[in-house]
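> pasting the sequence and the predicted coordinates here, then a few questions.
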Amino acid sequence: MLELSHVHKVYRVGAFGGARLRAVRDVNLTVEPGEVVSLIGESGSGKSTIGKMVLGLTGVSSGQILFEGNDVSRIRGFSAKKEYYRRVQGVFQDPFSSFNPIFKADRVFEMIRSSYFPATSDADWRQKVLDAIGTVRLDPGNVLDKYPHQLSGGQLQRLLIARALLLDIKLLVADEIISMLDASTRIDVLNLLADLKERGLGILFVTHDLSLGNYVSDRSVILRKGAIAEMGPTRAVFENPMHPYSRHLLSCVPQLHRTWTEVDEELAANPPEDVVLPTVGEDDDSAPLTEVEKGHFVGIDQH
Amino acid sequence: MTNVPATPGAADSGAAPEPAGERKVSEGLHFARRNPKLLIGTGIVLALLFTGLIGPLFIDQGPNVYVGPKSQPPSSEYWMGTTSFGQDIWAQFVYGLRSTFLVGALGGGIAFVVGTAVGFVAGFKGGLVDELLNMFTNVVLVLPTLVVLIVAVAYLDVRGVVVQALFIGLTSWPWAARAVRSQALSLATRDYVDLARLSGRRTWRIITTEIAPNMSSYLVMSFILLFGGAILIAAGLDFIGLGPANGVSLGLMLESAVAWSALQLGMWWWFIPPGAGITLLVGSMYILNVGLDEVFNPKLREL
Amino acid sequence: MTLRVNDLKVYYQTLRGDVHALDGVNFDLADGEIMGLAGESGCGKSTLGKSLIRLDGRMRHVDGTIELDGENVPIADDRAMNRFRYHEISLIPQYAMSALNPTRKIGRMINELLRSRGVRPADVAEELDRRLELVGLDPDVLKRFPIELSGGMKQRVVMVMATLLDPSLLIADEATSALDVSTQRSVVESMVEFRDRGYVKSMIFVTHDISLVYQMADTVMVMYAGRIAEKAPASTIINDPQHPYTKMLIGALPEVGTTTEDTRLEGIPGTPPGLLHPPTGCRFKDRCPIASEECSQTPPLVEIEPGHWAACWKTGR
């Protein structure tokens, strides 16, 4: 459904754009209907840039982003973009910055209505909104007619998901949507993503937290410095990481029932087998992947 | 599975949402009528404006005519007393108020329009446009305003209030441009701007409906400061003899009171009315702005 | 006993009234103990950390005492506290370096800090270099500007800076929360090493991440709505929590290895109570699945087994 092929993003930085900053490097990945794909990476890995490119909020330097066969990275014109947003929507990291503080929170629904459903009657629209709010398991009485600062971060994020559901979307880009929520409420939002997946939605889940990526996703993509380090079915990536960087990351994640010492000891007791990583020349911008087992890829090593 | 988070005291609001536009207006009015700061501020500004507009109609001679006895304290005949030359201070005050309003509104208004236009365009467009406009702003900012004004006014034959206001307006906009630019820059990167794009909104609608309302208090504040600044610059120009020929303004009154030693002679009725007039005008506009902020910013409403 | 906090109450003054951010907090911190202080936003954990070193303008000390090494700490008296700050009690904030002057070199900032606390920089210069090397930094960082350092390097410099006078108590307020996981691990491990070497006697590590404190803390204290819910050795908190809040909080954390297909974790329904007018009795009772009549009385913090404290009527063993 969504296919990124050889996507690059280069920023010009410094005075007169002299220097180049490679934010995303030769990324290839797909998202199928009913599939959650996690983009996992530390800061500077390019994970959020990929999300923004898929949503058309920032341009692509080279490569293609295909959505249902059409290259969406080169959509020009307001109405074509508007049609694209009927099928693809996003939710962002900071719920408090996603709402305009001077308007009531449910205005995000009204915006969808005035852009996409101007002909719908009041009663029909109200039913549609109530259905969407019910899907994200909110009580309409608690969230409608309220200002954003009167609601919690978890409620706001769920309202944004409800907003996306008003449209007939096929793909949701969830950019760090729970990193600003408290531990006791973030799990409910994650469960909600799992429910949406069961309804056939494809989800691109961007996160820096490995345990969260692990919890919801079918496939995981570990990014480093803009390029894919490892990609594959979540279970394979987490139980049998092949790339040295993935192994390092996993050994550093604070886990709830295993200490770092225990993890290190286990690792020393059964050292993982080495894999041959693909290599590229100094001036080569590409980042090839090698398939180590079915559907499980490793990428180049960068320092 | 998941229970719905309950916000305390929210159980009663299951009411149907009304049409958004109508509700917005009536709600603003509802809070405006109950805001003492807004009411008092508006009241004083309107009272002064009224005095300046209507007052001169009831005065037979011009403000600079020597009508009465010299150095008289306020009496029933001369409400604010007379100057050392026998001019009626009340007459000077109402005429002065009129020209002060004119200089403030015109000078401040021109500076405001130029400043916000430059600031908005620079902040929202970015790139080369931003750099060029920024350079221009900085050049105007470092011009020695007073010197330019002296030279320009000295070469001009017409020395009316309007010309004075025009010059003040065209030289005092740069800081407003810089302030508006930085605000626009920061607001343009908020997530709700991206979300509005995802809701199929055009750029100009995003500027007018998402960004500008968030800056309204900031914009009103800028206008008030420019207004006050224009009055003060005009007073300075009047003092060095570049004011309107044969005119009157609150600044001119103040300066002549000081020049003729009203302070040392104990003629408080000479310098207090113009001083209090300027202070009251600028001060009540400030209070008005705080009130406006409380009416339109839902976060402040609840305090 | 390094630190003894007795019935501490600190309120925030707002236009609408006092916010009861810390409402009767009692705990001890043993010599050499690293205590993780965990909880959700607004539970009072940061307020507690701040109270021990400096009350800002809106914070008011209402009641309670603090003892450090047997000496009373006068937290309400800003000037008397100067004797304790940095010498006895030190702090690593979340974005320490970013808050500092970007036009000053790091060495100069450290010297200024030392002088302002009445210490001659030359006396500690050698120790400073030694400790920088210990955390894996070249002493040349002193000649650099803050902007030239990565986030992890900055937090390491701040840690060395904060502990240079061997304070009794170090408070780390979300000190590693902004770092990437791999940097986070090495910074946290350096902190533990500083304790092992005796550079700090004991430490309070404030964080929202329970799995992180489990990696490094000896004990964990969980706060909820301005009060202590539970305090116990780290492994007890994770593997055998007693307070219903702690149980549900830990139950809501996904781990590497759990997926929605195996087990669906559940969050805690509801939101924490507002602290402007906090409810009477147990503050968790509205979200608690086992709440009953007695919970309308405030449960005391009792020691249910040696070293394991909980404030819940249902945990009386």
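Looks like it came in fine. Numbering: from 1, shown residues only, chains lettered A, B, ... in the order given.

> three-state assignment of the closest residue to chain B within the stretch 201-303 of chain A?
As assessed by CB to the nearest CB, chain B sits closest to residue A:206 within the stretch 201-303 of chain A, at 13.7 Å. (Each C-beta comes from the backbone N, C-alpha and C, glycine too.) Following DSSP: H, G, I helix; E, B strand; the rest coil, residue A:206 is assigned to strand.

> contact partners for it?
A:38, A:39, A:47, A:48, A:50, A:51, A:173, A:174, A:175, A:176 (CB atoms under 8 Å, 6 or more residues apart in numbering or on different chains).

> the nearest residue to residue B:293 once chain neighbours are set aside: what's it in contact with?
Spatial nearest neighbour of residue B:293, excluding adjacent residues (CB to CB, 6 or more residues apart in numbering or on different chains): residue B:217 at 4.2 Å. Applying CB under 8 Å, 6+ apart, we find residue B:217 in contact with B:289, B:292, B:293, B:296, B:297.

> for residue A:51, same thing?
Residue A:51 neighbours (CB under 8 Å, 6+ apart): A:39, A:90, A:173, A:175, A:204, A:206.

> give me the pLDDT for it.
With respect to pLDDT, residue A:51 has a value of 93.

> and it, what helix or strand is that in?
helix A:47-54 (DSSP states H and E).

> what comes up buried for stretch C:138-156?
Residues of stretch C:138-156 classed as buried: C:141, C:142, C:146, C:149, C:151, C:152, C:153, C:154, C:155, C:156 (neighbour count, 16 or more other CB atoms under 10 Å in any protein chain shown).

> what lies in contact with it?
Contacts for stretch C:138-156 (CB under 8 Å, 6+ apart): C:92, C:96-98, C:100, C:102-107, C:110, C:128-129, C:132-133, C:135-137, C:157, C:175-176, C:178-180, C:183-184, C:186-187, C:190.

> are stretch B:181-190 and chain A in contact anywhere?
Yes: applying CB under 8 Å from any CB of the partner chain, one finds that stretch B:181-190 is in contact with chain A at residue B:190.

> quick one: is stretch C:201-212 near chain A?
Yes: counting by CB under 8 Å from any CB, chain A is contacted by stretch C:201-212 at C:208, C:209, C:210, C:211, C:212.

> can you tell me which of those are in strands?
When DSSP state E is applied, those are split such that none fall in strands.

> show the buried residues in those residues.
C:208, C:209, C:210, C:211, C:212.

> what's the pLDDT at the residue nearest to residue B:293?
pLDDT, read off for residue B:217, is 77.

> mind checking how far it is from chain C?
To chain C, residue B:217 is 19 Å away according to CB to the nearest CB, to the nearest Å.

> and that residue, how far is that from residue B:163?
Going from residue B:217 to residue B:163 by CB to CB, to the nearest Å gives 32 Å.

> and residue A:187, by the same measure?
Residue A:187 is 69 Å from residue B:163, by CB to CB.

> who's more crowded, those two?
Using other CB atoms under 10 Å in any protein chain shown, the more surrounded residue of residue A:187 and residue B:163 is residue A:187, with 24 against 15.

> does that one really touch residue C:269, like I thought?
No: the pair residue A:187 and residue C:269 does not pass the contact test of CB atoms under 8 Å, sitting 11.3 Å apart.

> list just the nearest of the buried ones among the residues of stretch C:201-212 next to chain A to residue C:122.
Taking CB to CB as the measure, residue C:122 lies nearest residue C:212 of these, at 37.5 Å.

> make a markdown table out of the residues of stretch C:201-212 next to chain A and add distance to residue A:278 and pLDDT.
Converted to a markdown table, these look like this (distance: CB to CB, whole Å; pLDDT from 0 to 100):
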| residue | distance to residue A:278 | pLDDT |
| --- | --- | --- |
| C:208 | 39 | 88 |
| C:209 | 35 | 89 |
| C:210 | 39 | 90 |
| C:211 | 34 | 90 |
| C:212 | 34 | 91 |
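
> quick check: the farthest pair among those?
C:208 and C:211 (10.6 Å).

> ok, back up a step: got the buried residues for the helix or strand encompassing the residue nearest to residue B:293?
Assigned by DSSP H and E, residue B:217 belongs to helix B:212-239. Neighbour counts over helix B:212-239 (16+ other CB under 10 Å) mark B:212-215, B:217-239 as buried.

> among the contacts of stretch C:138-156, name the ones in helices.
C:106-107, C:110, C:128-129, C:132-133, C:157, C:183-184, C:186-187, C:190 (DSSP state H).

> tell me the confidence at residue 144?
In the absence of a named chain, this looks at chain A. Predicted confidence (pLDDT) for residue A:144: 89.

> hm, I was asking about chain C
Predicted confidence (pLDDT) for residue C:144: 90.

> re the thing from before, and the residue nearest to residue B:293, how far from residue B:289?
7 Å.

> ditto for residue B:34
In terms of CB to CB, residue B:34 sits 17 Å off from residue B:289.

> looking at those two, which is more packed in?
More crowded of residue B:34 and residue B:289, by other CB under 10 Å: residue B:289, with 23 against 12.

> state the pLDDT value of that one.
81.

> helix, strand or coil: sort out it for me.
helix.

> could you say which helix or strand contains residue A:303?
Using DSSP H and E, no helix or strand contains residue A:303.

> can you count the residues close to it?
Neighbours around residue A:303, by other CB under 10 Å: 5.

> which residue is the nearest non-sequential neighbour of residue C:23?
residue C:226 (4.2 Å).

> my read: the one you found touches residue C:276, true?
No: counting by CB under 8 Å, residue C:276 is not a contact partner of residue C:226; they are 11.1 Å apart.

> and the pLDDT at the most far-flung residue of chain A relative to its centre?
Relative to the C-alpha centroid of chain A, counting by CA atoms, centre = their mean, residue A:269 is the outermost residue, at 35.0 Å. As predicted, residue A:269 sits at a pLDDT of 86.

> could you do residue C:12 as well?
For residue C:12, the predicted pLDDT is 91.

> what's the first helix or strand after whatever helix or strand it lives in?
Assigned by DSSP H and E, residue C:12 belongs to strand C:3-14. Sequence order places strand C:17-29 as the next helix or strand after strand C:3-14, per DSSP H and E.

> give me the contact list for that following strand.
For strand C:17-29, contacts defined as CB under 8 Å, 6+ apart pick out C:1-13, C:35, C:44, C:47-48, C:51, C:59-60, C:63-64, C:169, C:202, C:204, C:221, C:223, C:226-228, C:231, C:275-278, C:301, C:309.

> what does stretch B:68-78 give?
Against stretch B:68-78 from outside (CB under 8 Å, 6+ apart): B:80-86, B:88-90, B:265, B:267, B:269.

> cool, stretch B:254-261 as well?
Contacts of stretch B:254-261 (CB under 8 Å, 6+ apart): B:83, B:84, B:235, B:238, B:239, B:263, B:267, B:270, B:271, B:274, B:275, B:278.
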